[in-house]
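Visitor: Pasting the sequence and the predicted model now:
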Amino acid sequence: MTVATQPEIKPTSTLTSGPGMAKIALIGNPNSGKTSLFNQLTGLNQKVGNFPGVTVDKKTGYSQLTPQLRAEIIDLPGTYSLYPKSLDERVITDLLYDPTSRHFPDLVIVTADASNLKRNLLLFTQLADLQLPAVLALNMVDVAEQEGVKIDVETLQRELGVPVIPMNARKGIGVAALKIVMTQQLEPNRNTFFEISADLKPLLKNIKHRFNLSNDYLALQFAHQYKSLKFLSDEDAAWLHEQLEIAAFESNAQQANETINRYTRINELLLDAVRVEKVEKDEKFSNRLDQVLTHKVFGYLIFFAILFLIFQAIFAWASYPMDLIDEGIAGLNGLIQDNFDGPLIDLLTEGVIAGLGGVLVFVPQIAILFAFIAILEETGYMARVTFMMDKVMRKFGLNGKSVVPLISGVACAVPAVMSARTIENWKDRMITIFVTPLMSCSARIPVYTVLIALVVPEKYYLGFLNLQGLVLMGLYLIGFLAAILSALLLKIILKARERSYFIMEFPTYKMPRWKNVGLTIIEKSKAFVFEAGKVIVAISIILWVLASYGPGNTFEQAREQAVAEAQSRNLNEVQTENKIASYQLEASYAGIVGRSIEPIIRPLGYDWKIGIALLTSFAAREVFVGTMSTIYSIGEEENVSTIKNKLMSEKDASGDPFFTPARSFSLMIFYLFAMQCVSTLAIVRRETKSWTWPLAQLLYMSGLAYVMAFITYHIFS
Amino acid sequence: MQHKVEEHKGRKSVRDLKIGEHGVICCLQDPEMGLKLLEMGCIPGTSVKMNSRAPFGDPITIIVNNYTLSLRLDEAETILLKQ
């Protein structure tokens, strides 16, 4: 089957994928420029979907090959061979070995790093033996030439039996030629690169017969991988298992033999096609840079400086666009409320639009964090981070790359959890995602500052050590310790799904490709807004309804009661409004829930008023301050010191101050541990593709919060 | 030093190389990890060079087939060298 001559291919110009559209799979080694080529071919016509059952994103895009011909391009995970070593790589075999699959490609484009052709051709020869129509995109020819590697494309093309397109995907050179070749009539490759041993032929014949296959190598792949191929039924797998027993098939030995054979064959054919004149310039440059960047002292100093820069950026720089979004949403709401009225308008403004604002406000942080991460990945520095941090982080069940999510978590857990995607190993990634929300994020700061101001005196030690500052730092430290120790716990509990290797290519340093950086930012922001956003808006609306309505006419009664009390005490208009808001919140469903959970939270020192704040904080922790203001009828516009004074004057039943150090510290510890963030839960669901993880997080963190707050309350009282 | 002990125990592996030192791969000890190493180009008979060590001594980088590979010490230990 080829691309150009299929009669059902219509000259479409819509984004919808018709049944006749040609499907092209991009496959290649990691670092072979596959993503660059994908971006060159598809530009902004990309979408991210799911492969069924795995956490791998499925990136597809559309490419206009000729004015009449449009093709669907699918970007497969980078791999070194067709024998998957990680769960992510299994996506490839599931797709390529099942011709009935919806995504089965009409053509595969194999990207290969020309400066490292030998290793890159291993995967190519495997694909060629499957006799799929293929094109070799010989990438990074410029780098190869700098290193003195001269490739005779004509000879290589003859030896491999497929079109070879020399290119530089970073700069887009060769992309036009590749597009032309993609539209040509391509014969399936007839060259075979690996002779399967004659002993295996009877077995392969049986397999081919049962599954109606025509290719020996595909039958051999069934024999090797029947346990992991998703499209095989249990019955098929059992049959294969039996056949392999009879044939005394040894998968490991066969695979090792195959790989060695293939390398021998590749060496032979490269003898004619490649000439190397040793220059070794680039590698030396990378090595010299590494002596500084992975140095015992400077290496860490530079790394922490970069982390500090990232932290500063998502913490401080992001606040400007975030404020703009906040103001924009408030302005829009004000505009609507000034011109329209009614319960539906309230739902729209305070429920829906406010919820949308709560989603959009994260976009600046996500965009900035991913700009940094994309640059670190693109330049090759991320591999050095993993290299330097591996030994320390491994002790806690984490990965060298976990450092970035953990540190970013101090600003906001949402982008931080998304950044854990760079961790290849499933177990390490899950542990990182699970513990990241324990790091004290910026939304906890308003809670901490109000409560610290309430109970910690503003004292200085040694002239510069501010006691309040020390307490704040202590809270961050507790969060960090909680994250590390929880990781250790999970390391013991969680079973590994795959054997974890560290073995990886250490890429040379490169300049980042800005197009790739830009596309990463767009992709991550879109993923958050469209996938996590739905859950966040839905829960925000529910919480808003709970806080804005009460059963029967209790709301009206609360209003009358507040007005009556305000009149008897001669309060002005603003004070009266605050009083009404306070009484109405008390009478709302949220108030009812707050009251009904009072017995549960009493051991922590809390009353029903704090109960309401805990409930509304579930949308976002910083709501705590706003809710407390409403409950104590302070009004929304007041500053921290007004809130502080009001809270200080609050008395308990016996007339003593309500906010004792015990209660306040207990609250701080509760907010430190508790999972009170819908956005984080939504993004964890998105990243782990299941509700199990966010629910486990909710239970674990809230349980921990309860126990720790209980202990804190009793220590201080 | 841990790797000194290893030397006594058995054959020399990539783990025992000093920075800048070369060796020739003889065989891969761990059958499963061996497959991964083979795919990455660590074929018996190939020359390897110890390139660098991470600040705490682990992991390391080696040069095989003109490109740099990073791996942990316990992984390097499974790559045995010709004497």
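Guide: In hand now; what should we look at?

Visitor: For residue 47, give me phi and psi.
Guide: Defaulting to chain A. For A:Lys47, the backbone dihedrals (degrees, to the nearest 10) come out as phi -140, psi 150.

Visitor: Oops, wrong one, chain B.
Guide: Dihedral pair for B:Ser47: phi -90, psi 140, per degrees, to the nearest 10.

Visitor: hang on, it packs against B:His22?
Guide: Yes - assessed by Cβ atoms under 8 Å, B:Ser47 is found in contact with B:His22 at 5.8 Å. Using the backbone N, CA and C atoms, a C-beta is placed for each residue, glycine as well.

Visitor: Need the pLDDT of the nearest residue to A:Asn191 once chain neighbours are set aside.
Guide: Residue nearest to A:Asn191 in three dimensions, not counting chain neighbours: A:Gly161, with 3.8 Å by Cβ to Cβ, 6 or more residues apart in numbering or on different chains. Here, the pLDDT recorded for A:Gly161 equals 91.

Visitor: Would you quantify the distance from A:Gly161 to chain B?
Guide: Going from A:Gly161 to chain B by Cβ to the nearest Cβ, to the nearest Å gives 22 Å.

Visitor: OK, contacts around that residue?
Guide: A:128, A:189-191 (Cβ atoms under 8 Å, 6 or more residues apart in numbering or on different chains).

Visitor: Which single one of the residues you listed is nearest to chain B?
Guide: Set against chain B, the nearest of the contacts of A:Gly161 by Cβ to the nearest Cβ is A:Ala128 (16.2 Å).

Visitor: Assign the nearest residue to that closest one once chain neighbours are set aside to helix, strand or coil.
Guide: Excluding the flanking residues, the one nearest A:Ala128 by Cβ to Cβ, 6+ apart is A:Asn189, at 4.8 Å. What DSSP: H, G, I helix; E, B strand; the rest coil gives for A:Asn189 is coil.

Visitor: what number of residues lie near whatever residue of chain A ends up closest to chain B?
Guide: Closest residue of chain A to chain B, Cβ to the nearest Cβ: A:Phe506 (3.9 Å). Neighbourhood size, A:Phe506 [other Cβ atoms under 10 Å in any protein chain shown]: 23.

Visitor: For the helix or strand harbouring A:Gly331, buried residues please.
Guide: Per DSSP states H and E, A:Gly331 falls inside helix A:319-339. Residues of helix A:319-339 classed as buried: A:321-322, A:325, A:329, A:333 (neighbour count, 16 or more other Cβ atoms under 10 Å in any protein chain shown).

Visitor: Quick check: the residue nearest to A:Asn191 vs A:Asp129, distance?
Guide: Separation of A:Gly161 from A:Asp129 (Cβ to Cβ, to the nearest Å): 11 Å.

Visitor: again, but for A:Ala619
Guide: From A:Ala619 to A:Asp129 the distance is 56 Å (Cβ to Cβ).

Visitor: low-confidence ranges in the chain?
Guide: Because you didn't say which chain, this covers chain A. Applying pLDDT under 70 to chain A flags residues A:1-20, A:50-55, A:278-283, A:633-640.

Visitor: I was thinking of chain B, sorry if that wasn't clear
Guide: B:1-9.

Visitor: Would you tell me which residues of it are close to chain A?
Guide: Contact residues (Cβ under 8 Å from any Cβ of the partner chain) of chain B with chain A: B:31-41, B:43-44, B:51-52, B:54-59, B:61, B:65-72, B:75.

Visitor: And the helices in chain B?
Guide: Ranges of helices in chain B, per DSSP state H, are B:2-9, B:31-39, B:73-76.

Visitor: Export the contacts of A:Gly161 as a markdown table, with columns for distance to A:Thr379 and neighbour count.
Guide: Below are those laid out as a markdown table (distance: Cβ to Cβ, whole Å; neighbours: other Cβ atoms under 10 Å in any protein chain shown):
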| residue | distance to A:Thr379 | neighbour count |
| --- | --- | --- |
| A:Ala128 | 33 | 25 |
| A:Asn189 | 36 | 20 |
| A:Arg190 | 42 | 8 |
| A:Asn191 | 38 | 14 |
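
Visitor: In this structure A:Pro603 contacts A:Thr712, no?
Guide: No - taking contacts as Cβ under 8 Å, A:Pro603 lies outside contact range of A:Thr712: 11.5 Å.

Visitor: So these two - more neighbours on which side?
Guide: Neighbour totals were compared for A:Pro603 and A:Thr712, and A:Thr712 leads with 23 against 13 (other Cβ under 10 Å).

Visitor: Mind giving me the packing neighbours of the strand or helix carrying that one?
Guide: Element membership of A:Thr712, judged by DSSP H and E, is helix A:692-716. Judged by 3 or more Cβ pairs under 8 Å, 6 or more residues apart in numbering or on different chains; DSSP states H and E, helix A:692-716 is in contact with helix A:426-435, helix A:661-673, helix A:678-688.

Visitor: could I get those helices as CSV with distance to chain B and mean neighbour count?
Guide: Putting those into CSV (distance: least, Cβ to the nearest Cβ, whole Å; neighbours: other Cβ atoms under 10 Å in any protein chain shown) gives the following:
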stretch, distance to chain B, mean neighbour count
helix A:426-435, 13, 24
helix A:661-673, 31, 24
helix A:678-688, 26, 24
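
Visitor: How many residues are close by A:Gly78?
Guide: If you count neighbours by other Cβ under 10 Å, A:Gly78 ends up with 21.

Visitor: Need the three-state assignment for the residue nearest to it when sequence neighbours are not counted.
Guide: Leaving aside its sequence neighbours, A:Gly78 sits nearest to A:Pro30 (Cβ to Cβ, 6+ apart; 3.5 Å). Classification of A:Pro30 by three-state DSSP places it in coil.

Visitor: Next, count neighbours for A:Pro30.
Guide: When neighbours are counted by other Cβ under 10 Å, A:Pro30 registers 15.

Visitor: I'd like to know how far it sits from A:Gly703.
Guide: 40 Å.

Visitor: cool, A:Phe222 as well?
Guide: Per Cβ to Cβ, A:Phe222 is found 47 Å from A:Gly703.

Visitor: For the two, indicate the residue with more neighbours.
Guide: Higher neighbour count among A:Phe222 and A:Gly703: A:Phe222, with 22 against 13, using other Cβ under 10 Å.

Visitor: I'd guessed the more buried one sits against A:Leu229; true?
Guide: Yes - A:Phe222 lies in contact with A:Leu229 (Cβ under 8 Å); the separation is 7.2 Å.

Visitor: shared neighbours, the two?
Guide: A:Tyr97.

Visitor: quick revisit: identify the contacts common to A:Gly161 and A:Asp129.
Guide: Joint contacts of A:Gly161 and A:Asp129 (Cβ under 8 Å, 6+ apart) do not exist.

Visitor: show me what contacts residue 34?
Guide: Unless you meant another one, I'm taking chain A. A:26-28, A:75, A:78, A:111.

Visitor: that answer is for a different chain, and I need it for chain B
Guide: By Cβ under 8 Å, 6+ apart, the contact set of B:Gly34 is A:256, B:28, B:78.

Visitor: So which residues of the stretch 451-600 of chain A form helices?
Guide: A:467-493, A:514-527, A:533-548, A:554-568, A:573-587, A:589-596, A:598-601 (DSSP state H, counting those that start in this stretch).

Visitor: Adding mean neighbour count and distance to A:Ala247, write the ones you listed out as a markdown table.
Guide: Output for the helices of the stretch 451-600 of chain A, formatted as a markdown table (neighbours: other Cβ atoms under 10 Å in any protein chain shown; distance: least, Cβ to Cβ, whole Å):
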| stretch | mean neighbour count | distance to A:Ala247 |
| --- | --- | --- |
| helix A:467-493 | 16 | 40 |
| helix A:514-527 | 17 | 46 |
| helix A:533-548 | 19 | 51 |
| helix A:554-568 | 15 | 77 |
| helix A:573-587 | 19 | 74 |
| helix A:589-596 | 20 | 65 |
| helix A:598-601 | 14 | 63 |
